[in-house]
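A.B. asks: Show me the folded form of this:
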Amino acid sequence: MRIGFSIRINDKLTELIIMNKILTGFIASALLAAGSMYGQIEVNENLTVTGFFDMSATSTDDDSGSSSSYNFDQAEIDFILSFEDVTGQVDLNYLGDNSTGDFSLEQAFITYDLDNGSSVSAGKFLSYHGWETAEPTGLFQYSYAYDLMGTIPGYHNGVTYDYSDDFVTLGLGLLDSVYSADGSIQDSEYGIEAKAVFTPAEGLTLYLGLAKDSMDTGPDKDLINFWASYEVGDATYAVEYNTYDFGSVEGNQWLVMGNWALSDTFGITARVSDDAIDGGESAMKYTLSPGWTVGENLGMLFEISETDFDTMGSATSFAFETIFSF
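C.D. replies: Model (predicted):
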């Protein structure tokens, strides 16, 4: 059975601006009804609506003891707008640890098509960088690769210029900050991101990204992010390498992973990753994660990860995750 809900919005952009409390109540009702309703999303020629919600159960054993939890991790609804040369996207996001209990604005941006593969985007949007996606719907496993340093940026505000053809994609962004978004680009404090993505052969992608935070107070932050992926048959392979300089902290990170689709509904992921701070702690992580789908909308996975720290012993983690998407 296909599970979903319906939404109708007319062509006037002003009618897309809905009060947060009203929208929160609507989404909550829809999510509760989704378990027993059959339906589909209805859109007009200018609007697409997508989203997901994510739940997990986890257990961790380390040298200091053990802990376990069951979490409603995240719910999200995304509005994707299309008006000739201008497109836009608005993502509303709820996190399970959000004490306010409200949906918040995750990103909102517009993109103007300049023709010939070029475009300009402005607003709040996700960083270019990182092999592992920000959303759980794009991950091959439950956890992220690096347990010590969060080097991959999240969402920030600014303007980007992008160019793409069959061989290369280029991007350059001027941001309020790479890591500490505040909505203001100033002479003394700003961020820059750049990327170059090459597809030299079928299934092969090579990515090189650079990021720099110029800070008014505190140290500047620099990141180099490289990853490569190769899709062949029913398998996906990827490697990533990061090197960073955050002023008082420098280090590097890497991962190697493979995902194999063993049937139309079942696959398995294996990953090895390392997170090393220069002159400090390091963490080698081993991850195995089988996953499967139930129908078109429901995905489930199990993960076991072992992390060996340089001086802090080891930790073993188990996770079971379900993601419903629409």
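A.B. asks: contacts, neighbours, all on C-alpha from now
C.D. replies: Fine.
A.B. asks: Now do residue 52 against residue 151, distance only.
C.D. replies: From residue 52 across to residue 151, the span is 26 Å (CA to CA, to the nearest Å).
A.B. asks: between these two, who's got more neighbours?
C.D. replies: Between residue 52 and residue 151, residue 151 has the larger neighbour count (other CA atoms under 10 Å), namely 23 against 20.
A.B. asks: in a strand, that's where that one is, yeah?
C.D. replies: No: note on residue 151: no strand contains this position according to DSSP: H, G, I helix; E, B strand; the rest coil, which reports coil.
A.B. asks: residues in contact with it?
C.D. replies: Going by CA atoms under 8 Å, 6 or more residues apart in numbering, residue 151 touches 223, 244.
A.B. asks: Read off the pLDDT value for it.
C.D. replies: Among the per-residue scores, residue 151 holds a pLDDT of 97.
A.B. asks: Can you tell me how far it is from residue 265?
C.D. replies: Between residue 151 and residue 265 the distance, using CA to CA, works out to 33 Å.
A.B. asks: go on, residue 112?
C.D. replies: As judged by CA to CA, residue 112 and residue 265 stand 38 Å apart.
A.B. asks: Which one's more surrounded, those two?
C.D. replies: residue 112 (17 against 13).
A.B. asks: where exactly do the helices run in the stretch 1-150 of the chain?
C.D. replies: For the stretch 1-150 of the chain, the helices defined by DSSP state H, counting those that start in this stretch occupy 20-34.
A.B. asks: Could you tell me the model confidence score at residue 187?
C.D. replies: At residue 187, the predicted lDDT confidence score is 69.
A.B. asks: now residue 52
C.D. replies: Residue 52 carries a pLDDT score of 95 in this model.
A.B. asks: again with residue 278
C.D. replies: As summarised for this prediction, residue 278 has a pLDDT of 97.
A.B. asks: so who does it touch?
C.D. replies: Applying CA under 8 Å, 6+ apart, the residues contacting residue 278 are 249-252.
A.B. asks: Equivalent analysis for residue 164, please.
C.D. replies: Under the criterion of CA under 8 Å, 6+ apart, the neighbours of residue 164 are 117-118, 170.
A.B. asks: before we move on, what about residue 110?
C.D. replies: 86-89, 121-123.
A.B. asks: next one: residue 149
C.D. replies: If a contact means CA under 8 Å, 6+ apart, then residue 149 has residue 275 as its contacts.
A.B. asks: now the one 4 residues further on
C.D. replies: Contacts for residue 153 (CA under 8 Å, 6+ apart) come out as 126-127, 129, 178-179.
A.B. asks: Identify the residue nearest residue 171 in space, chain neighbours excluded?
C.D. replies: Excluding the flanking residues, the one nearest residue 171 by CA to CA, 6 or more residues apart in numbering is residue 162, at 4.3 Å.
A.B. asks: who's that neighbour bridged to?
C.D. replies: Beta bridges link residue 162 to residue 119, residue 171 when assigned by DSSP bridges.
A.B. asks: Pretty sure it sits against residue 170.
C.D. replies: Yes: using CA atoms under 8 Å, residue 162 and residue 170 qualify as a contacting pair, with a distance of 5.6 Å.
A.B. asks: that older thread, tell me the one of the contacts of residue 278 nearest residue 74?
C.D. replies: Nearest to residue 74 among the contacts of residue 278: residue 252, at 29.5 Å, using CA to CA.
A.B. asks: which residue packs closest to that closest one, ignoring adjacent ones?
C.D. replies: Computed as CA to CA, 6+ apart, the closest residue to residue 252 that is not its neighbour in sequence is residue 243, at 4.3 Å.
A.B. asks: ok, residue 96 - how many residues close by?
C.D. replies: Using other CA under 10 Å, residue 96 has 13 neighbouring residues.
A.B. asks: Give the residue spans of the stretch 51-200 of the chain that score low on pLDDT.
C.D. replies: In the predicted model of the stretch 51-200 of the chain, residues 98-101, 187 satisfy pLDDT under 70.
A.B. asks: What about the contacts of residue 110, which are in strands?
C.D. replies: Counting by DSSP state E, these place 86-89, 121-123 in strands.
A.B. asks: any idea how far the residue nearest to residue 171 is from residue 83?
C.D. replies: Taken as CA to CA, the spacing of residue 162 relative to residue 83 amounts to 19 Å.
A.B. asks: what do you get for residue 232?
C.D. replies: Computed with CA to CA, the distance linking residue 232 and residue 83 is 36 Å.
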